[in-house]
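**Student:** Please find the sequence and the predicted model below.
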Number of protein chains: 4
Amino acid sequence: MEKITPSDKVLLLGESTFLVDVGKGLFHTNHGTINLSKLVGKKFGARIKSSKGVAFHALRPNINDFLQKRLARLPQIVSLKDCSLIAGLTGLSSGYRVIEAGTGSAFLTTFMANLVKPDGKVFTYELRSDFFRSAKINVEDSGLSRWVEMKNRDVSKGFREKDADLIVLDMIGAEKIVPKAGKSLKSGGFLAVYSPYIEQVKAVCDAIEMESFMDVRTVECLVRDYKITRDFSRPNTTMLAHTGYITFARKV
Amino acid sequence: MEKITPSDKVLLLGESTFLVDVGKGLFHTNHGTINLSKLVGKKFGARIKSSKGVAFHALRPNINDFLQKRLARLPQIVSLKDCSLIAGLTGLSSGYRVIEAGTGSAFLTTFMANLVKPDGKVFTYELRSDFFRSAKINVEDSGLSRWVEMKNRDVSKGFREKDADLIVLDMIGAEKIVPKAGKSLKSGGFLAVYSPYIEQVKAVCDAIEMESFMDVRTVECLVRDYKITRDFSRPNTTMLAHTGYITFARKV
Amino acid sequence: MEKITPSDKVLLLGESTFLVDVGKGLFHTNHGTINLSKLVGKKFGARIKSSKGVAFHALRPNINDFLQKRLARLPQIVSLKDCSLIAGLTGLSSGYRVIEAGTGSAFLTTFMANLVKPDGKVFTYELRSDFFRSAKINVEDSGLSRWVEMKNRDVSKGFREKDADLIVLDMIGAEKIVPKAGKSLKSGGFLAVYSPYIEQVKAVCDAIEMESFMDVRTVECLVRDYKITRDFSRPNTTMLAHTGYITFARKV
Amino acid sequence: MEKITPSDKVLLLGESTFLVDVGKGLFHTNHGTINLSKLVGKKFGARIKSSKGVAFHALRPNINDFLQKRLARLPQIVSLKDCSLIAGLTGLSSGYRVIEAGTGSAFLTTFMANLVKPDGKVFTYELRSDFFRSAKINVEDSGLSRWVEMKNRDVSKGFREKDADLIVLDMIGAEKIVPKAGKSLKSGGFLAVYSPYIEQVKAVCDAIEMESFMDVRTVECLVRDYKITRDFSRPNTTMLAHTGYITFARKV
């Protein structure tokens, strides 16, 4: 059980990390070539060596492996720390009906699809055709497309879906979509708006105040990495100091 | 559909917020008494007034409403921002088999149970009987007990479960349990250790280095709240500056 | 040498800390009464006991002792971390000619006077008479009044002084004073504007852009305190998360 | 008055910024050659054009210009934010007697010399000859050497000076020097120890606890830069997240 087949993806974890399709046969790295067909029939967790003798662990990939090692990034993504906080502060879990605009690279889309499965859905809107096409490839590659409905549509007229548990806006002009979001959220449902600039936060908060929302909260999430060794421990010298602000509100 | 019944819990969202059992009948607040039986048969989202004329929205409660308004806190909880990051950085989602030690107040337990449903499970260990009893009441009250197996047991001999997707340690002496965690994780599975003190982080990182783990990372999550008004915007004056460090590692 | 006289101030450092005038004779604390006249003729650094037997060290007070233990705070002060950064990033030191508006409680005024002595000067403007009077008492009490010229005047018409090395603005409507500041700064001199709100920062930056300034920089200073013991070390649980933004620019 | 002479240094502020000796005559930049002799007899603040027609403002340099544009950095420096906080929290100002070990690149040395002038002194110790020589050149180049006494000596036997107002330690093994620092500080004087690693902080705090110190405080200073434009404002994407911890204590 849990044996690797040619249709699987595996995470090769070693000095470098790769997420590859076993069916590809040969995979070339700067640590030498890896003959993936040797993995077929072995258990996930098996070790494999490259032509240069470098060892890799062949693991079943996780959603985050996909997001970080495989997803093609065309427009700017919502970073994992912000995805985590959006999910955590809105109770995002299996069964949720989520609406998202815009899709962008589908990083957040895929992150959320993994959480709503097996019986929820993410409806995601993207206006730009180039982003839409790139996002579609990403979602299909993720294996989560059953839980995503992708639309190459403008949202300025609103969303077709009603009674959403969560609506996430990550788009220029999000403030104009706030009233539409209010109409498509179920009572008690959450709005989460991601804004890189403080001026956008202000416009969004203004728009939220005009609609039936409560519990409005704007936050910023900072993750600080540490370097820990037996003798010397300290925070990393540099850090990602700003990605975006997230404004949460609850429909009443 | 979605009508309120006497066996439901509702979130009363107004000037104050309460999470109450409709079957209780009367609920006393400093805004007056609320006759909950009037809600029966109404749809979630309905409004109700207290004896003093104060209006509340009666919403279907979310997991976070439960965690924040209802869960009894005996020992220190893992805060929601840290729960979010643990979940987000390990891919925690439906179907995951999770082991946790210790249960504490079951805040993180319940948070994770909500994410693994409908087909995963959280196995949680707590040594102290008083914490175990309090946690049990919380888990049952959350409605998520189907996805939680609670054990009033010492983990120094290890966990009974194998092939876990995620093991979370939040306990004094976590470093001694790291080798046991390694044995109960499946290949590619995640270890996440929550440590309030830097000395604990060091001991845990030392223990991880002795075992078959890769991708070790220690982080701290800071959430900064903002006060946004039409004219004046700024971060809040004070903030929660430290809860704990989280160390992640991956079994190979 | 360095003996205490009745006209001295001393810092009583013990379980609590007080900055007192020796000439007062008796000083009442919740640790008992301290007979200050016993200190006369002793060296700074001597120990004295209260009527309840609690020991205090009698030290020569430092500027920061005065700022933190003695200065009466009527309007909101600029915190010490921000005073430090303003001084440090502008080279503030002996001989500087500084202009400040408004004086407020004279916390920053006194901090700067201590740095410009013995041959510089702080010219400080305050419109409100109540703040002016309170600030005057603080400056005189600090013993630094020789290096401060205080004015109960409106600055909307500009400053009388020219060729300032540094102009600090901490006032509502600072953006309107930026052009006046430009006229009173010497070439290469610094402007520093303290703004609690981001909207003020934007207005100030707009105003700066219209004038002859270079090297514009807006920063926020966060100081995180740590709790260090032999066994357990961690950042403090809460922190001062926001005081104000500081915008620096240089006249050319 | 304030005319430029051949023995002056000037700050050339333009698209790039340079701190040059006027006496050098010609200065070559990637914006063309600048004929510095043309500046002689002009006032500070004058403009000068390069051979390629690029304009520069010729300003009288500030201590910070020297520190940032001119000082040769051999070992790691104490960053300006940390220098500022050390000065601000210890009342460092004209007349202070300061002891420092080690000198390093003399960044902090020069910063402090500028503050103690005209009637204080910085006594600075450096064990390594290469650092000492490089630091000596920096101090002489700063024009502040009158207020600095440099020693190429080991401090493990203690300092020759007594009654210091401030002792700053920035060296490996600072904890061993803490008792010596206690002996050379005047009553009420400050100790400030800069430690990149938390293990050093712990060792220093342990050592401080054994001696006659009070008001022990360990802090970390974070400066966050903002990008402010008319339409879009946000914190910079990356920041310097860690330089070092500073531990303060007061001799009693």
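**Tutor:** Everything's here; your move. Residues are numbered from 1 along each chain as shown, chains lettered A, B, ... in the order given.

**Student:** Identify the residue of the stretch 101-250 of chain A closest to chain C, quick one.
**Tutor:** Taking C-beta to the nearest C-beta, chain C has its nearest neighbour within the stretch 101-250 of chain A at residue A:198, 5.5 Å off. C-beta here means a position set from N, CA and C on the backbone, and glycine is covered the same way.

**Student:** So what touches whichever strand or helix holds residue A:166?
**Tutor:** Under the criterion of DSSP states H and E, residue A:166 resides in strand A:164-169. Strand A:164-169 has contacts (C-beta atoms under 8 Å, 6 or more residues apart in numbering or on different chains) with A:86, A:90-92, A:96-101, A:108, A:112, A:120, A:123, A:159, A:177-178, A:181, A:184-186, A:189-194, A:204.

**Student:** Which members of those residues are positioned in helices?
**Tutor:** A:86, A:90, A:108, A:112, A:177-178, A:181, A:184, A:204 (DSSP state H).

**Student:** Residue A:197 and residue B:223, how far apart?
**Tutor:** Per C-beta to C-beta, to the nearest Å, residue A:197 is found 19 Å from residue B:223.

**Student:** Next, count neighbours for the closest residue to chain B within the stretch 151-252 of chain A.
**Tutor:** Chain B sits closest to residue A:187 of the stretch 151-252 of chain A, with a gap of 2.8 Å, by C-beta to the nearest C-beta. Counted with other C-beta atoms under 10 Å in any protein chain shown, residues neighbouring residue A:187 total 19.

**Student:** so what's residue A:176 closest to, chain neighbours aside?
**Tutor:** Distance criterion C-beta to C-beta, 6 or more residues apart in numbering or on different chains; nearest residue to residue A:176, sequence neighbours excluded, is residue A:156 at 6.7 Å.

**Student:** Now do the phi/psi pair for that neighbour.
**Tutor:** Backbone torsions for residue A:156, taken as degrees, to the nearest 10, come to phi -70, psi -20.

**Student:** Identify the residues contacting it.
**Tutor:** So residue A:156 contacts A:176-177, A:180 (C-beta under 8 Å, 6+ apart).

**Student:** Correct me if wrong: the residue of the stretch 101-250 of chain A closest to chain C contacts residue D:231.
**Tutor:** No: counting by C-beta atoms under 8 Å, residue A:198 sits too far from residue D:231 to count as a contact (10.8 Å).

**Student:** In terms of neighbours, single out the busier of the two.
**Tutor:** residue A:198 (25 against 7).

**Student:** Angles on the backbone of the more buried one, please.
**Tutor:** When quoted as degrees, to the nearest 10, the phi and psi of residue A:198 stand at phi -70, psi -30.

**Student:** Enumerate every residue touching it.
**Tutor:** A:245, B:233, C:198, D:233-234.

**Student:** Out of the residues you listed, which sit inside strands?
**Tutor:** Taking DSSP state E as the definition of strands, the contacts of residue A:198 contribute A:245, B:233, D:233-234.

**Student:** how about these, which pair is most distant?
**Tutor:** Distance extremes for the ones in strands among the contacts of residue A:198: the farthest pair is B:233 and D:234 at 12.3 Å, using C-beta to C-beta.

**Student:** what's the angle between the longest strand anywhere in chain A and strand D:213-228?
**Tutor:** As assigned by DSSP E, the longest strand anywhere in chain A is strand A:213-228. With axes from the mean of the first three to the mean of the last three C-alpha atoms, to 10 degrees defining the directions, strand A:213-228 sits at 120 degrees from strand D:213-228.

**Student:** who does strand A:213-228 touch, helix- and strand-wise?
**Tutor:** For strand A:213-228, the packing partners by 3 or more C-beta pairs under 8 Å, 6 or more residues apart in numbering or on different chains; DSSP states H and E come out as helix A:80-90, helix A:198-209, strand A:233-235, strand A:238-240, strand A:245-251, helix B:198-210, strand B:213-228.

**Student:** Can you lay out these as TSV showing mean pLDDT?
**Tutor:** Formatted as TSV, these follow (pLDDT from 0 to 100):
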stretch	mean pLDDT
helix A:80-90	98
helix A:198-209	98
strand A:233-235	97
strand A:238-240	95
strand A:245-251	97
helix B:198-210	98
strand B:213-228	97
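
**Student:** Give the burial count for residue A:119, as a bare number.
**Tutor:** By the criterion of other C-beta under 10 Å, residue A:119 has 13 neighbours.

**Student:** what's the nearest residue to it once chain neighbours are set aside in contact with, if anything?
**Tutor:** Nearest residue to residue A:119 in three dimensions, chain neighbours excluded: residue A:95, at 5.0 Å (C-beta to C-beta, 6+ apart). For residue A:95, the contacting residues are A:116, A:119-120, B:118, by C-beta under 8 Å, 6+ apart.

**Student:** how close does residue A:95 sit to chain C?
**Tutor:** According to C-beta to the nearest C-beta, to the nearest Å, residue A:95 and chain C sit 36 Å apart.

**Student:** what's the answer for residue A:38, then?
**Tutor:** With C-beta to the nearest C-beta as the criterion, residue A:38 and chain C are 48 Å apart.

**Student:** And that residue, how far from residue A:44?
**Tutor:** From residue A:38 to residue A:44 the distance is 14 Å (C-beta to C-beta).

**Student:** Which one of the two is surrounded by more residues?
**Tutor:** residue A:44 (20 against 15).

**Student:** Can you tell me the closest non-neighbouring residue to the more buried one?
**Tutor:** The spatially closest residue to residue A:44, leaving aside those adjacent along the chain, is residue A:60, at 4.4 Å (C-beta to C-beta, 6+ apart).

**Student:** show me the residues around the one you found that make contact.
**Tutor:** Counted by C-beta under 8 Å, 6+ apart, residue A:60 has contacts A:2, A:8, A:10-11, A:44, B:187-188.
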